[in-house]
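> let's see this in three dimensions:
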Amino acid sequence: MATETHRMEIRERLCGDRVARGAAEAALTALGWLRPGGEVRAEIRRRIAQDVYGCRADEVFLYKSGRAALRGLLEGLQSADPARRTAFVPDYVCNVVGAACRAAGFAVAEYATDERCLPDWRALEERVQGETAPVVVLCSLFGSVPAAAPEAEALERTNPRMFFVADECQNLVNASPVKPRANRAVVFSFNDKTCPGVMGGGVVCLSDSGEAPVFARAPFKRRAIGSVALAYRWMSGGLRAVGHGLRLALGRSGAYAAAEAPEFSTCLAPHYDLVPEPIYRLSAARAWISLRHLDEYRRLRLENAQALQAGLAVEAAVAQAGAPYLPVAAAPVAGRYPAPVKAAYGRTAHAAIPGRPPAVKVNVPHVRYEVRPAAIAQLTSRHAITDNRILHCMARTAAAHGYRSLILGPADRDGAVGTVALKACPVLEGGRRPPHPRVLASLFAGALRSGVRTFHVHDPDFLPVALLLKLCGRRIVYDVHDDYQASFQDRFRKRPWVGRWFPALWWAFEKGAARAFDGVVTADQHLARKFDGCRPVILRNYPRLDFTPPASAEGEETINLVYVGGVSRERGIGMALEALRRVPRPELRLHVVGTGREPDLLADLQAEPRVVLHGRVAWTDLRRIYVKSHVGLALYQPRAGFVTIDHSVKIVEYMAAGLPILCADFPGLKKFVEESGCGWTVAPDDPDAIAAKLRELIDHPEIRRRMGATGRRLFETDFNWELHERELVDLYERVCGA
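Here you go, the predicted model:
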């Protein structure tokens, strides 16, 4: 079933001031690299001591990474007290944490944690009580160290020789709630998740604790290799940031699938391994410039965490320290997240912990997350924006199920139907349509300006533009109303030199485009078979239950035949007129609702006094015509585009109005109409046969009433839109979550 979170969009927005500042800082890093290394490191130590942990500058020890810092601390602890032999680490941490402990000479003992990565405190207390001098590492992957302060203090009292290592897991923030104490040191790191830097870390250890972390000076060759690697990382990181910014500027925000396995560090490269070497000059220069903005990074991190929490319906509160990752659902929908999603850490590279949630990154320094209802826009270049299928079926259904719904298409002006916004794109001045290429260009520009990510396209001529939208990162659903290949065959039947190749060429293009889109909707089973490789969803043109009340025309002075749709000979209006002339009843009327482009046909209709031309009528106003009608006509001519249909919107509308139906005797229509008992079929190109059926319907009102009642009952039980709209909602859920 659909959930409310699937109807929310989490979007990435560039923080313009942060982008410009970040670019300037990256450029200044090269200048900072030229400063004396001692001065830069001294400034970093002073800022961290003063702004973050409230200690003295000489109690801050800087390393090339947080993992190197952890090893340096543990080696110092063991030097001060050789009895320290066991390090207790949580069962979710990265494999390098355990490797750092073992490299320092410790045996690693894992302790259990829950889904929020908080320890099982009672079990941990029982394990550390028997140890001579245990070292317990608390890692705040989701902000668990600040949240667990009371429990950690209670655990400290169980063994007076216990030493805590609070690993902040890239949670470096101003006024950190985690503080060093006599038996507690803090390990921190800074990189793109924190201040941001290239790669660095450190230890905060009080001088009166008697502990002194160990440093290992690397040989010149190793330092040179590490510097080159860091310079490459610095420059490539800048290029990635520029690329990310360009994608966001083009409206292509990132989407990331959750990892299928736990994350493990495999980058034991010279610049990123466990050897407790001092911080590199490039890392120090970048961190020195960035540290002054810790408050801003923290504020943005918290805002992003709250946005993600709202958009993903995460129930757990966001830690005030601003954890760099937020746990999300245990079984996330792939691709729904606008930030990198990592799997929960585990014991080994091949053994994940059941129930451990993935985590989504919340603190990208230059990106702000916004949460808003997911939007779906209907795009049409030829239909009216008030078209039944587009507005009342697709758009109203999207709005009713929590989506922000709008329609873009040519119209005289903007408007709204309920909560569905109607956007005139382009505006038709004086009712005149501009050249079609201009219509397509206006729709494309309007689609990009709308900020909508998912579009439902309703016209085949819009397919090239839809492919451009797809290239711009939008999601596309293609709605196939008709068999356009067969329609082209009919259109070019008098020009065989075109008809031999164009329909096949069109079908190849249409099928290829449909496979590139995110979803396909068809109006009947025949079209679904043609698009079988695209997983089509069949959504027939069924009206809503509130479309019209049943007809009550028995008291009318005239016998009213009604036709609704395009006014053309191929749709049977010419044959209906010929049949009308063969039934010389003065009380008979033919009501034609719709417009056409055949002047000779329109002239013939206007010349017949028993024909009433209504022109285009809004779908919501059709009921005033249906309630006074007696028979509905659907006399499609035997053309390739029609003989395969098994129903049409006008036929189901006639059923909804309780009208008996007289339609073409194509196999699908014969089964749908005649075998169900709601109407008759007739050879559509035989006006004499049509006239005979009309006489019988006119002369036998009881037959009309019986077939009309049968059609209305079938409409209410099987053929109304409300019974089938769930399939559209499921499609939108799948497409918007992809």
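> can you say which helix or strand has Q489 in it?
helix 484-491 (DSSP states H and E).
> and the contacts of the following helix or strand past that helix?
Tracing the chain past helix 484-491, the next element assigned as helix or strand by DSSP H and E is helix 496-499. Outside helix 496-499, the residues within contact range by C-beta atoms under 8 Å, 6 or more residues apart in numbering are F488, Q489, F492, R493. Every C-beta, even on glycine, is put in place using the N, C-alpha and C of the backbone.
> for the third one, give me the pLDDT.
Predicted confidence (pLDDT) for F492: 77.
> what about the nearest residue to it once chain neighbours are set aside, how many neighbours?
Ranked by C-beta to C-beta, 6 or more residues apart in numbering and with sequence neighbours excluded, the top spatial neighbour of F492 is G499, at 3.6 Å. Residues contacting G499 under the criterion other C-beta atoms under 10 Å number 16.
> measure G499 to P638 for me?
Distance of G499 to P638, computed by C-beta to C-beta, to the nearest Å: 17 Å.
> helices of the stretch 201-350 of the chain, start to end?
Counting by DSSP state H, counting those that start in this stretch, residue ranges of the helices within the stretch 201-350 of the chain are 220-249, 281-290, 294-312.
> do you know which of the ones you listed lies nearest L118?
helix 294-312 (17.5 Å; C-beta to C-beta).
> out of the contacts of helix 496-499, who's the most crowded?
Counting neighbours by other C-beta under 10 Å, F488 leads those with 21 neighbours.
> I'd say that one and P503 touch.
Yes. Under the criterion of C-beta atoms under 8 Å, F488 makes contact with P503 at 4.2 Å.
> what about stretch 553-572, average pLDDT?
Stretch 553-572 comes out with an average pLDDT of 89.
> what's the answer for stretch 639-656, then?
Along stretch 639-656, the predicted local confidence has a mean pLDDT of 85.
> mind checking how far that stretch is from the chain centre?
The chain centroid and the centroid of stretch 639-656 are separated by 35 Å under C-alpha atoms, centre = their mean, to the nearest Å.
> measure it end to end?
As for stretch 639-656, its first-to-last residue distance stands at 27 Å under the measure C-alpha to C-alpha, to the nearest Å.
> mind exporting the lowest-mean-pLDDT helix or strand in the chain as CSV, just the C-alpha atoms?
When the helices and strands of the chain are compared on mean pLDDT, DSSP states H and E, helix 144-147 comes out lowest with a mean of 72. Presented in CSV, the C-alpha positions along helix 144-147 are these (Å, rounded to 0.1, in the frame of the first residue of the first chain):
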residue,chain,number,x,y,z
SER,A,144,24.5,8.1,20.4
VAL,A,145,27.3,9.4,22.6
PRO,A,146,25.6,12.6,23.6
ALA,A,147,22.3,10.8,24.0
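> where does pLDDT dip in the stretch 151-300 of the chain?
251-255, 257-271 (pLDDT under 70).
> cool, and the stretch 601-738 of the chain?
Across the stretch 601-738 of the chain, the ranges flagged by pLDDT under 70 are 737-738.
> tally of neighbours for R705?
The number of residues near R705, taken as other C-beta under 10 Å, comes to 15.
> who's in contact with the closest residue in space to V364 that isn't next to it in sequence?
Sequence neighbours aside, A339 is the residue nearest to V364 in space, at 6.4 Å (criterion: C-beta to C-beta, 6+ apart). Listed by C-beta under 8 Å, 6+ apart, the contact set of A339 reads E12, G254, Y256, N304, L308, V360, K361, V362, V364, V367, Y369.
> sitting in strands, which of those do you find?
Among the contacts of A339, the ones falling in strands (DSSP state E) are E12, V360, K361, V367, Y369.
> from A339, how far out is the last one?
Distance, Y369 to A339, by C-beta to C-beta: 7 Å.
> what touches both of those two?
E12, N304, L308, V362.
> save these as a markdown table, and put in neighbour count and pLDDT too.
As requested, those are exported to a markdown table (neighbours: other C-beta atoms under 10 Å; pLDDT from 0 to 100):
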| residue | neighbour count | pLDDT |
| --- | --- | --- |
| E12 | 20 | 82 |
| N304 | 26 | 87 |
| L308 | 23 | 83 |
| V362 | 25 | 81 |
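> for those, which one is nearest A107?
Nearest to A107, judged by C-beta to C-beta, of the shared contacts of Y369 and A339 is V362 at 34.6 Å.
> wait, the closest one touches V328, no?
No. Taking contact to mean C-beta under 8 Å, the distance of 10.5 Å between V362 and V328 leaves them out of contact.
> which neighbours do these two share?
Taking C-beta under 8 Å, 6+ apart as the contact definition, V362 and V328 share the neighbouring residues L308.
> V643: what secondary structure?
V643 carries the three-state label coil when classified by DSSP: H, G, I helix; E, B strand; the rest coil.
> any low-confidence regions in the stretch 1-150 of the chain?
By pLDDT under 70, the low-scoring segments of the stretch 1-150 of the chain are 1-7, 147.
> all helices of it, in order?
With helices called from DSSP H, counting those that start in this stretch, the stretch 1-150 of the chain shows them at 16-34, 37-47, 66-80, 95-103, 121-129, 144-147, 149-156.
> which one, of these, ends up nearest to R581?
Nearest to R581 among the helices of the stretch 1-150 of the chain is helix 16-34 (71.4 Å), distances taken as C-beta to C-beta.
> can you show me the CA trace of that closest one as CSV?
Output of helix 16-34 as CSV, limited to C-alpha atoms (Å, rounded to 0.1, in the frame of the first residue of the first chain):
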residue,chain,number,x,y,z
GLY,A,16,24.4,29.9,-3.0
ASP,A,17,26.5,31.7,-0.3
ARG,A,18,28.1,28.4,0.8
VAL,A,19,29.0,27.4,-2.8
ALA,A,20,30.8,30.7,-3.4
ARG,A,21,32.5,30.6,0.0
GLY,A,22,33.5,26.9,-0.5
ALA,A,23,35.1,27.8,-3.8
ALA,A,24,37.0,30.6,-2.3
GLU,A,25,38.1,28.5,0.6
ALA,A,26,39.3,25.7,-1.7
ALA,A,27,41.4,28.3,-3.6
LEU,A,28,42.8,29.7,-0.4
THR,A,29,43.8,26.2,0.7
ALA,A,30,46.8,26.5,-1.7
LEU,A,31,47.9,29.7,0.1
GLY,A,32,47.4,28.1,3.5
TRP,A,33,49.6,25.2,2.3
LEU,A,34,52.5,27.7,1.9
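> and that helix, what does it pack against?
Contact here means 3 or more C-beta pairs under 8 Å, 6 or more residues apart in numbering; DSSP states H and E; on that basis helix 16-34 packs against helix 220-249, helix 281-290.
> now do that helix against helix 220-249, angle only.
Taking axes from the mean of the first three to the mean of the last three C-alpha atoms, to 10 degrees, one finds helix 16-34 and helix 220-249 inclined to each other by 160 degrees.
> tell me which residues of helix 16-34 come out buried.
By neighbour count on 16 or more other C-beta atoms under 10 Å, the buried set for helix 16-34 is R18, V19, R21, G22, E25, A26, T29, G32, W33.
> so the last one is in contact with A287, correct?
What it means is W33. No. The pair W33 and A287 does not pass the contact test of C-beta under 8 Å, sitting 11.7 Å apart.
> what distance do you get for A112 to Y232?
Relative to Y232, and taking C-beta to C-beta, A112 is found at 40 Å.
> what's the answer for G565, then?
Taken as C-beta to C-beta, the span from G565 to Y232 is 66 Å.
> more neighbours, those two?
Between G565 and Y232, G565 has the larger neighbour count (other C-beta under 10 Å), namely 20 against 11.
> residues touching that one, list them.
Counted by C-beta under 8 Å, 6+ apart, G565 has contacts R571, V593, G594, S648, K650.
> ok, now which ones touch the first one?
What it means is R571. Taking C-beta under 8 Å, 6+ apart as the definition of contact, the neighbours of R571 are G565, L635, Y636, Q637.
> who's in contact with R184?
E156, F163, F164, V165, A166.
> so which of those residues is the closest to A579?
Proximity of these to A579 (C-beta to C-beta) peaks at A166, which lies at 89.3 Å.
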